[in-house]
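Visitor: Pasting the sequence and the predicted model now:
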Amino acid sequence: MPRFALQLCCSTLTLGAFAVPAHAQEFPPILEPPSGDVPPRKDDTRPAPSPDAPAAIAPGPLVYTPADFAQYAPRSALDMLQQVPGFNIQESFGQGRGLGEATGNVLLNGERISSKSDSVTQRLSRIAAVNVIRIEFVDGATLDIPGLSGRVANIVARESSDIRGQFEWNPQLPTDYARLRWTAARASVTGSSGPVAYTFAVDNNPFYGGTGGPNLITNRFGLVEERFSRTRSVNQNPKVSTQLRIDGPGSSVGNLSAAWQWNWMTSTENENVVAPPGAPALLKALRTHNSGHNYEIGGDFELALGPGRLKLIGLESYRTTGLTTALTIDPDTGAARTGNRFTQDSASGEHIGRAEYRWKMLGGDWQLSGEAAFNRLHNVAGLALLGPSGDFRPIPFPSGTGGVTEDRYEAILSFGHALADNLTLQASLGGEYSNIAQTGANALSRTFKRPKGSFSLAWKPAEGLDVAFKAARKVGQLNFGDFLADVNLQNNNTNAGNNELRPQQSWEFDLEIAKNLGPWGSLTLNLFDDHIEDYVTIVPLPRGGESVGNIASAHAYGVQFNSTIRLEPLGFRGAKVDLDVNLRKSRLSDPVTGLIRAFDRSQPYNVSVQFRHDVPGSDWAWGTNIRTSGFDPYYRLAEFGYDYNLKTALGVFVENKDVFGLTVQARLNNILEKEAVLDRYIYAGPRNASPVLFHENRRREVGHIVNFTVKGNF
């Protein structure tokens with residue numbers, strides 16, 4: 001433990017250096033009450049809200065003001081929303097087919113985010129806390145934004161002519177195997193000039209990983225070979241982005257966003273035999289490199305038209321990747337080295353055009369939407385064997401090269417109506433038409449017509465109690481790379497590619513109950529039940545081999561519970577406990593054995609408990625968190641096993657909110673020194689009718705992880 005002791009000493013000394021004397025106050029408010037009104041949402045039927053109004057998007061919502069967060073000294077809207085009792089942000093960027101109806105549970109000034117490259121947390125981190133007027137919570141079904149249901153947070157913020165900036169730096173000390181991470185940071189500048197509000201941002205969220213530990217391989221005769229493996233990886237993804245909002249002319253409003261990102265990853269894995277004594281010290285080396293870039297340009301424009309409002313949305317995205325993976329094995333017996341190399345260059349993109357027209361009629365809110373999305377992927381893959389002279393010689397691999405396109409069209413009519421003062425209905429009905437075409441060695445073109453829609457009810461039986469029910473018919477998004485063959489040299493697996501893949505469909509039922517506990521906090525209970533058709537998983541192919549494919553049906557159900565309990569009523573001022581519990585059951589018929597089993601790599605349970613204490617009368621806060629998870633195995637044609645990281649994680653942190661005007665936090669994670677685990681069985685053929693070839697049990701140490709966070713405004 002000497003390295004850990006040194007890191008802990010360094011952490012303590014660093015924090016101590018930052019902990020300069022500061023003026024302590026009961027609840028250190030760094031928020032100034034903003035002046036001016038909220039920018040009005042461009043809707044002829046809805047007046048512009050003012051900061052003192054009790055609600056902006058629905059009667060009687062639960063409202064939090066900046067004063068409710070003063071004890072946390074937030075720097076951004078994200079800092080504020082993360083402290084709301086019993087609420088977890090649901091990310092929705094990059095998911096689903098096209099843009100579709102609204103998803104997630106966060107709105108900005110009553111509007112959804114029309115972007116697939118920006119996350120909600122990224123957008124919220126760029127809104128200065130001093131610009132936030134309030135955070136409102138309502139049931140999504142009560143809004144005239146189809147697709148939303150359950151508890152939704154609306155961030156009401158003003159646009160300031162003052163230029164404001166936020167920055168955050170997240171260094172991580174070296175672990176036993178990972179290198180120092182010092183490039184994790186983000187910064188943004190916001191402001192406005194006349195009718196134009198702007199945001200410019202830079203982000204880098206790199207990953208620096210490293211593990212090491214024993215790997216026991218037991219063959220079919222019970223003989224055990226012990227190896228030691230060591231990994232190290234670095235992933236950098238710097239990104240620059242901008243958002244512009246233009247008010248006018250008249251009641252119209254427009255938004256424009258653009259982002260460009262560079263991705264670069266390299267990893268190494270070395271493994272050598274250490275036992276039994278006298279065994280050749282076989283050396284296995286894996287090298288992976290991946291690089292590419294992506295961009296997204298999008299915008300929307302909304303204007304009054306006839307009895308309602310028309311919104312036009314457009315988006316263009318493009319991504320390139322260049323992957324090279326090489327595996328070499330030196331038997332250390334004098335025999336020649338062997339090895340393989342897999343390369344894959346891909347380019348993918350998406351064009352989306354969407355129109356939404358909403359109006360009021362027959363006592364309700366109506367919306368008619370239409371969307372056209374055009375997706376494409378082109379892959380060039382190669383496979384090579386290591387020759388006697390030490391160079392890689394290409395071998396035929398035609399099934400890895402080709403292209404996939406999908407042209408998709410969707411139309412949905414939505415209707416929302418208040419059935420009573422405390423009961424609201426929202427319903428939508430429509431469908432989509434798509435054509436999926438593959439080029440290359442297994443060319444095929446198919447068309448699909450699929451119904452889509454949803455039904456939601458929002459009920460408020462009592463003050464502080466909200467009940468939401470939603471039933472939805474959904475169509476999933478395929479990974480176009482699954483149509484083509486690829487190779488995983490690390491685990492010696494090959495997907496043959498499947499040109500007959502179908503998008504999965506599902507009936508999804510959700511019941512959410514949210515209860516405001518007043519001074520005690522809040523809790524949210526969610527029950528879900530998903531019935532899936534054409535479920536996508538690994539299946540054996542009729543022509544031999546295996547690949548991603550479809551099975552007829554699958555089922556998943558469970559419960560999610562999150563709660564914040566404040567300890568002030570017990571006399572423990574400034575303290576709270578956040579509890580998150582996720583329980584999940586899943587069922588499908590195994591495509592190899594026919595037996596009922598869980599989904600691959602699903603989590604039957606995940607429990608997290610976090611404690612935080614903001615010490616009254618000071619700028620200090622401290623806390624701890626523990627998480628424990630269960631993991632179901634994964635399955636392939638001739639393999640099954642468990643593959644997971646850190647089954648249980650324990651961490652502690654200490655924070656000072658005024659270190660030369662900055663917020664500084666030090667966090668120690670993985671105190672229990674849990675491991676990355678791979679425990680798998682490899683069969684001689686299909687696992688329902690073949691003997692086990694070998695059993696691999698690999699446990700790699702991750703080590704203690706020390707992170708720092710430095711936040712500030714300018």
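Guide: Nice, I can see it.
Visitor: Quick check: bridge partners of the nearest residue to N272 once chain neighbours are set aside?
Guide: Excluding its sequence neighbours, the residue lying closest to N272 (CB to CB, 6 or more residues apart in numbering) is L283, at 4.8 Å. Heads up, the C-betas are built off the backbone N, CA and C, glycines and all. Under DSSP bridges, the beta-bridge partners of L283 are N272, D330.
Visitor: my read: L283 touches R337, true?
Guide: No. Assessed by CB atoms under 8 Å, L283 is found out of contact with R337, at 9.0 Å.
Visitor: which neighbours do the two share?
Guide: Listed as contacting both L283 and R337 by CB atoms under 8 Å, 6 or more residues apart in numbering are 329-330.
Visitor: Could you pull up the contacting residues of A638?
Guide: A638 touches 682-687, 690, counting by CB under 8 Å, 6+ apart.
Visitor: Give me the distance between it and W359.
Guide: Distance, A638 to W359, by CB to CB, to the nearest Å: 58 Å.
Visitor: Same check on N670?
Guide: 55 Å.
Visitor: try V652
Guide: V652 is 54 Å from W359, where distance means CB to CB.
Visitor: And these two? Which one has more around it.
Guide: W359 (18 against 15; other CB atoms under 10 Å).
Visitor: Bridging across strands, which residues link to that one?
Guide: G308, W366.
Visitor: how far away is it from G623?
Guide: 49 Å.
Visitor: Give me the neighbour count for the residue nearest to N272.
Guide: 16.
Visitor: before we move on, what about the one 10 residues further on?
Guide: By the criterion of other CB under 10 Å, H293 has 14 neighbours.
Visitor: Who does it form a beta bridge with?
Guide: Going by DSSP bridges, H293 forms beta bridges with W262, T320.
Visitor: contacting residues around it?
Guide: 260-263, 319-320.
Visitor: Closest one to E675 out of those residues, please.
Guide: N263 (27.9 Å; CB to CB).
Visitor: pLDDT at the closest residue to the closest one other than its chain neighbours, what is it?
Guide: Excluding its sequence neighbours, the residue lying closest to N263 (CB to CB, 6+ apart) is N237, at 4.9 Å. You'll see N237 listed with a pLDDT of 96.
Visitor: in the stretch 501-650 of the chain, which segments are predicted with low confidence?
Guide: Within the stretch 501-650 of the chain, no stretch has pLDDT under 70.
Visitor: buried subset of the contacts of H293?
Guide: Among the contacts of H293, those that count as buried by neighbour count (16 or more other CB atoms under 10 Å) are 261, 263, 319-320.
Visitor: Please convert those residues to JSON lines, extending it with distance to H378 and pLDDT.
Guide: Putting the buried ones among the contacts of H293 into JSON lines (distance: CB to CB, whole Å; pLDDT from 0 to 100) gives the following:
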{"residue": "Q261", "distance to H378": "20", "pLDDT": "97"}
{"residue": "N263", "distance to H378": "18", "pLDDT": "97"}
{"residue": "R319", "distance to H378": "11", "pLDDT": "97"}
{"residue": "T320", "distance to H378": "10", "pLDDT": "98"}
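Visitor: picking that back up, out of the contacts of H293, the closest to S506 would be?
Guide: R319 (26.6 Å).
Visitor: ok, the spatially most central residue of the chain - contacts?
Guide: The residue lying closest to the centre of the chain (CA atoms, centre = their mean) is E91, at 5.8 Å. E91 makes contact with 104, 119-121 under the criterion CB under 8 Å, 6+ apart.
Visitor: Among those residues, which one has the most neighbours?
Guide: Going by other CB under 10 Å, V120 tops the contacts of E91 with 23 neighbours.
Visitor: List phi and psi for that one.
Guide: Backbone torsions for V120, taken as degrees, to the nearest 10, come to phi -60, psi -40.
Visitor: was I right about it contacting N88?
Guide: No. Applying CB under 8 Å as the test, V120 and N88 come out as separate, 11.2 Å apart.
Visitor: per-residue pLDDT, the residue nearest to the centre of the chain?
Guide: pLDDT, read off for E91, is 70.
Visitor: before we move on, what about the one 3 residues further on?
Guide: pLDDT for G94: 48.
Visitor: so T175 makes contact with V702?
Guide: Yes. Look at T175 against V702 with CB under 8 Å: they come within range, at 6.6 Å.
Visitor: Could you count how many residues lie near S241?
Guide: 23.
Visitor: Assign P519 to helix, strand or coil.
Guide: Following DSSP: H, G, I helix; E, B strand; the rest coil, the label given to P519 is helix.
Visitor: got the contact list for L523?
Guide: Applying CB under 8 Å, 6+ apart, the residues near L523 are 86, 514-515, 517, 561-564.
Visitor: can you confirm it is in a strand?
Guide: Yes. Counting by three-state DSSP, L523 is found in a strand.
Visitor: Check the gap between it and G150 for me.
Guide: For L523, the distance to G150 - CB to CB - is 14 Å.
Visitor: Now do the helices in the protein.
Guide: If DSSP state H is used as the criterion, the helices of the chain fall at 2-18, 77-81, 120-125.
Visitor: helices or strands next to the shortest one in the packing?
Guide: Helix 77-81 makes packing contacts with helix 120-125, strand 132-139, strand 151-157 when contacts are defined by 3 or more CB pairs under 8 Å, 6 or more residues apart in numbering; DSSP states H and E.
Visitor: Can you give the contact residues for that helix?
Guide: Residues contacting helix 77-81 (CB under 8 Å, 6+ apart): 64, 66, 69, 72, 74, 87, 89, 106, 121, 124-125, 127-129, 131-132, 135, 153, 155, 157, 711.
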